[in-house]
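1. Show me the folded form of this:
(chains A and B)
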Protein chains: 2
Amino acid sequence: MLIARYVCYLFAFVVFARGVKAQDVFAAQRKDWLQKAEQNKPVLNETVRKPTALVTLVRDSNAFQGWKTVPAKPLDSLYQQSFKKQSGVVLDFGDHLTGFYSFTLKARRGTPDGPLRFRFTFGEVPAEMATPFDPYPGSLSRAWLQDEVVTVMELPATVTIPRRLAFRYVKIDLLGSSPYFDFGFDGMEARATTAATKLPAALPANTDPIIREIDRVGQATLKECMQTVFEDGPKRDRRLWTGDLYLQSITNAYSFQNFALTRRCLYLLAGVSGENGYLNSNVFETPQPHAQVGAPFLFEYSLLYNAALKEYLAATGDRQTAMELWPVAKKQLENISRFLLPNGMFDYAAAAKAGWWLFVDWSNTLDKQASIQGLCIFALQETLALAALLGKQNDISAVPGLIGRMTAAARKTLYDKQRGVFVSGPEKQVSYASQAWMILSSVATNTEAQRAIKNLQALSSVVRPGGPYLYHYYIEAMLKCGMQQEARNELEKYWGGMVKKGADTFWEVYDPANDFLSPYNFYPVNSYCHAWSCTPVYFIRKYANVFQKD
Amino acid sequence: MLIARYVCYLFAFVVFARGVKAQDVFAAQRKDWLQKAEQNKPVLNETVRKPTALVTLVRDSNAFQGWKTVPAKPLDSLYQQSFKKQSGVVLDFGDHLTGFYSFTLKARRGTPDGPLRFRFTFGEVPAEMATPFDPYPGSLSRAWLQDEVVTVMELPATVTIPRRLAFRYVKIDLLGSSPYFDFGFDGMEARATTAATKLPAALPANTDPIIREIDRVGQATLKECMQTVFEDGPKRDRRLWTGDLYLQSITNAYSFQNFALTRRCLYLLAGVSGENGYLNSNVFETPQPHAQVGAPFLFEYSLLYNAALKEYLAATGDRQTAMELWPVAKKQLENISRFLLPNGMFDYAAAAKAGWWLFVDWSNTLDKQASIQGLCIFALQETLALAALLGKQNDISAVPGLIGRMTAAARKTLYDKQRGVFVSGPEKQVSYASQAWMILSSVATNTEAQRAIKNLQALSSVVRPGGPYLYHYYIEAMLKCGMQQEARNELEKYWGGMVKKGADTFWEVYDPANDFLSPYNFYPVNSYCHAWSCTPVYFIRKYANVFQKD
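-> Residues are numbered from 1 along each chain as shown, chains lettered A, B, ... in the order given. Model (predicted):
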């Protein structure tokens, strides 16, 4: 009896195990994809960077987040004087860097007879040096903040802080020293890393200075995020997100052109896709590539993979990679039909109820019906274009019809002809997001598109973009529908606004009206070098006739 | 003219340089001595130690420094449950250890999406876990306190804290974590090191339990201090001091018998002696052996080197080492004559005025005239005994006469026949220190000695010992003059007092009446495993007939 039951269990287990295995859609390819991802892992370019100045933090209500730096003493004074009276000094490395920080200490007088204790606070922006981190009110891990307490037992010593850091500034506080000897810094440096090696072509000499500046800062942003994957931010999160990859890879194609890195990321995401074949929103590289267990399915990011793959193929002509990953792209489209209503509208409420994450933008108020409808159509179109490049149209023969049906449904459901805008949701909300995605999906005609964009300015209670990620699609939408000058104006105003506020790299979060906005309830934990903000480089170079004239 | 001046300078420099060189008394031997020190460097014995229990800190006015630990949950709960609700946990490694601490973290639920931040606080005694370290009021470097803030960027992770630690307890505070995953400890251990390998002989079965306990704790104390030198304390200072070496080496001879370590220390001190040939009070091993520049000359410690060398020779018969170092011992005696008054008294006030450090004991009130006089005579006697073992009496033929003169002067100046005690200084202060050194130097007859010791109890305003270092000489003095039972009583009372207060190792500072005494204005920075407290092991074994009976 017992044995019989055991056999039953065993049988059930074998069936179950087989069942699980059969469910892994890409079981046959996964290993190969991860190997290709590994083969395309870049050897990072290393540069030794030194501090360039000692600076003083100064309160200034006109400065970003209320703090600016002004030159202090010459840098030599750091090295040539005792550090005991320099506690709290702030060093400026001159520009944002991502890498490993080392310092060297030497005795100056007497014999070191006890250890030293320091706090090193690294910051991308001045306010990170000036804002107390504790008590920490933020919603993400406190440990992302880059303050490290270091004990140095003996001198002379050269110490490397183990964690990789992203910073321009470092503040050094002396927390413990012996009265019986004196000491000072004998040097410090950062070993900065990036996967960006090739320099982008210079802009024409007559390019408007603000555009040049935006381009420079945008390049720095992307360069810093290019590590062993396209990271979202080198300070925080430090991982590959599908949506960010799309924006980074198209910008990379117009600048650093490290296509091996894009290829690595495409294979990596495919390699760690769910057993159901759907892509995860992000991937961790170590100790071996893996996705976030239990994370909600970020529907639109999985679709944007297809756009990224199409752009990769268009830029490189690398048919082999595109062919190998085509089944992944095709697979992603299935999800659109899962929540498609008979009327051709994507049932975004049902998808959200099922636990899917519909992001579109950082916004608490945005209704996402129109945006997601547009995103679906856009992804179908991009996938169709990919299929055309690969001769795989027959694989997705239903897609053109689906695009037609969803477009018609969108026009019928979402277009408010009277007001000349696209609306979203039961409240018929008007937003920048909705207009952008209705335009990028070609649901709007160019005339309707231009009218909608212009009408946004006049209407009250319009939901504005919450950050750079949506701003990208808004600019792209204007460029698509023939509003070149307006696109340039908005780009200059938004990204130029960050430049004017002293950005060395573009920020994760930027609201021109609120320097302290943070989705994490503590602005110092925001990322101030964030991949999804790098796309001006793409715009300026792809639409040269718009941006590269004075 | 200019050239002529240059030649003059050059000439002067050569003369000066030669002069400097000629002043280095041991120039010819120094390199060889340091090589021998290096050759005798021990390979440390490593043991992997694991925590044995989770404990709770409990306020208890009867416990040492007001804190004790009581058993908390089973140790398994640390490893088998999330750490998020365990922040502040205190682990007990069961006994004092010196070494390197490692821990392993693993994810428990979800995927690690952000770094973790911890504070690890290591303590030798419970109160170190419970006393806030900041704001730090102490006079030594704050960095001696063993709290380390550690950021862990990715899981799984095994992290080793870089500094060597000395502890029994570790408190772990979680300072930062992500709400999106859970984690726990998967293990932790310490790689404990010591140069003690051979186990001392067990005490007879009928030895009094308190003596057994004192011996056990004393052994632990010495073992922990035996690293690549005889350190004064493995938590703080962590270096070789001549005075501590004397006590450690005689205790080592009666217990672990690592004579190579003693030999190393004797050579090391000789190798880094001043160019004037006088010994420094302490030595640092890394990056290469060196003394403390500008530190005051600790007169009596230089003299105790001779006693340590004599005891080393007596214990080992290693004539070669003793012969090589004999010139060093001989040299030290010169200093006695430098401040010798015509009446045969050492002019301790003049020596102090010249910048010499006369230590004797941690005490603000102690007058050191009698103690230093006694110390000089003791050192002369020990050096004479060393010379006798080496057949070098002719090298120091003036010493017997000097002993006689100084003894006579001491008897005349310092003995208060009426009160039956030795006095010190212009105020004719009575102290334990003065009696101890007058006895150890044989200035007092046994009868006078016993009377003096007994009289200490009756007199008011006697300066008592400030800590274990002087207690050693006090006990030794009683044993010398035939007060065996009193010596045992005092040893049991003093070191037994620490045992009863829960000492795992004997402390740097112990005042039975004041748990919070600290020469550094902050008792958590005291060392709770300190070499100069280890000598009960020596007493118990050398004077077996006194201590090893029930």
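2. So A:K223, which state does it fall into?
-> Three-state call for A:K223 (DSSP: H, G, I helix; E, B strand; the rest coil): helix.
3. Give me the nearest residue to it, chain neighbours excluded.
-> Distances taken as CB to CB, 6 or more residues apart in numbering or on different chains place A:A196 nearest to A:K223, at 4.1 Å, with adjacent residues excluded. C-beta coordinates here come from the backbone N, C-alpha and C atoms, glycine included.
4. quick one: the one you found from A:F284, how far?
-> Separation of A:A196 from A:F284 (CB to CB, to the nearest Å): 22 Å.
5. what's the answer for A:Y473, then?
-> Taking CB to CB as the measure, A:Y473 falls 27 Å from A:F284.
6. Those two: who's more crowded?
-> Each of A:Y473 and A:F284 has its neighbours counted (other CB atoms under 10 Å in any protein chain shown); A:Y473 has more, 26 against 22.
7. and the residue of the stretch 1-150 of chain A found nearest chain B, what are its phi and psi?
-> Relative to chain B, the nearest point of the stretch 1-150 of chain A is A:R142 (3.0 Å; CB to the nearest CB). Torsion angles at A:R142 (phi, psi; degrees, to the nearest 10) stand at phi -60, psi -30.
8. got it, and A:D511?
-> Backbone torsions of A:D511, given as degrees, to the nearest 10, read phi -120, psi 110.
9. got the contact list for it?
-> The neighbours of A:D511, taking CB atoms under 8 Å, 6 or more residues apart in numbering or on different chains as the test, are A:466-467, A:517.
10. try 6 Å this time
-> A:L517 (CB atoms under 6 Å, 6 or more residues apart in numbering or on different chains).
11. For the stretch 251-400 of chain A, just list every one of the strands.
-> A:282-283 (DSSP state E, counting those that start in this stretch).
12. Counting neighbours, which bits of stretch A:147-160 end up buried?
-> Going by neighbour count (16 or more other CB atoms under 10 Å in any protein chain shown), the buried part of stretch A:147-160 is A:147-155, A:157, A:159.
13. Around the closest residue to chain B within the stretch 251-400 of chain A, how many other residues sit close by?
-> Residue of the stretch 251-400 of chain A nearest chain B, by CB to the nearest CB: A:Q292 (4.1 Å). Using other CB under 10 Å, A:Q292 has 19 neighbouring residues.
14. does it really touch B:T111, like I thought?
-> Yes: the pair formed by A:Q292 and B:T111 meets the contact definition of CB atoms under 6 Å, at 4.1 Å.
15. ok, which residues in chain A are in contact with chain B?
-> A:110-111, A:114-117, A:141-144, A:149, A:151, A:153-154, A:163, A:176-178, A:286, A:292-294 (CB under 6 Å from any CB of the partner chain).
16. From the residues you listed, which land in strands?
-> A:116-117, A:149, A:151, A:176 (DSSP state E).
17. Including pLDDT and distance to B:L402, could the residues you listed go into CSV?
-> Below are those laid out as CSV (pLDDT from 0 to 100; distance: CB to CB, whole Å):
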residue, pLDDT, distance to B:L402
A:L116, 98, 46
A:R117, 98, 49
A:V149, 98, 55
A:T151, 98, 49
A:G176, 98, 47
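18. Tell me how far A:R236 lies from A:Y528.
-> From A:R236 to A:Y528 the distance is 9 Å (CB to CB).
19. Please say which of the two ends up with more neighbours.
-> Just comparing A:R236 and A:Y528: by other CB under 10 Å the higher neighbour count belongs to A:Y528, 32 against 25.
20. Please name the residues that touch the more buried one.
-> The contact partners of A:Y528, by CB under 6 Å, 6+ apart, come to A:124-125, A:507.
21. okay if I get those as JSON lines plus neighbour count, secondary structure and pLDDT?
-> Shown next, in JSON lines, are the contacts of A:Y528 (neighbours: other CB atoms under 10 Å in any protein chain shown; DSSP: H, G, I helix; E, B strand; the rest coil; pLDDT from 0 to 100):
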{"residue": "A:E124", "neighbour count": "30", "secondary structure": "coil", "pLDDT": "98"}
{"residue": "A:V125", "neighbour count": "30", "secondary structure": "coil", "pLDDT": "98"}
{"residue": "A:W507", "neighbour count": "26", "secondary structure": "coil", "pLDDT": "98"}
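22. Just give me the neighbour total for A:Q548.
-> For A:Q548, the count of nearby residues is 17 (other CB under 10 Å).
23. I figured it hits A:T207, correct?
-> Yes: if you go by CB under 6 Å, A:Q548 and A:T207 touch, sitting 5.2 Å apart.
24. And stretch A:133-148, what's buried?
-> A:133, A:136, A:138, A:140-148.
25. Can you pull out the residues in contact with it?
-> By CB under 6 Å, 6+ apart, the surrounding residues in contact with stretch A:133-148 are A:119-122, A:161, A:165, A:236, A:520-522, A:525, B:114-117, B:151, B:176-178.
26. next one: stretch A:314-332
-> So stretch A:314-332 is contacted by A:253, A:259, A:263, A:266, A:270, A:277, A:302-303, A:306, A:309, A:313, A:383, A:390, A:392, A:395 (CB under 6 Å, 6+ apart).
27. Narrow those residues to those that are buried.
-> Among the contacts of stretch A:314-332, those that count as buried by neighbour count (16+ other CB under 10 Å) are A:253, A:259, A:263, A:266, A:270, A:277, A:302-303, A:306, A:309, A:313, A:383, A:390, A:392.
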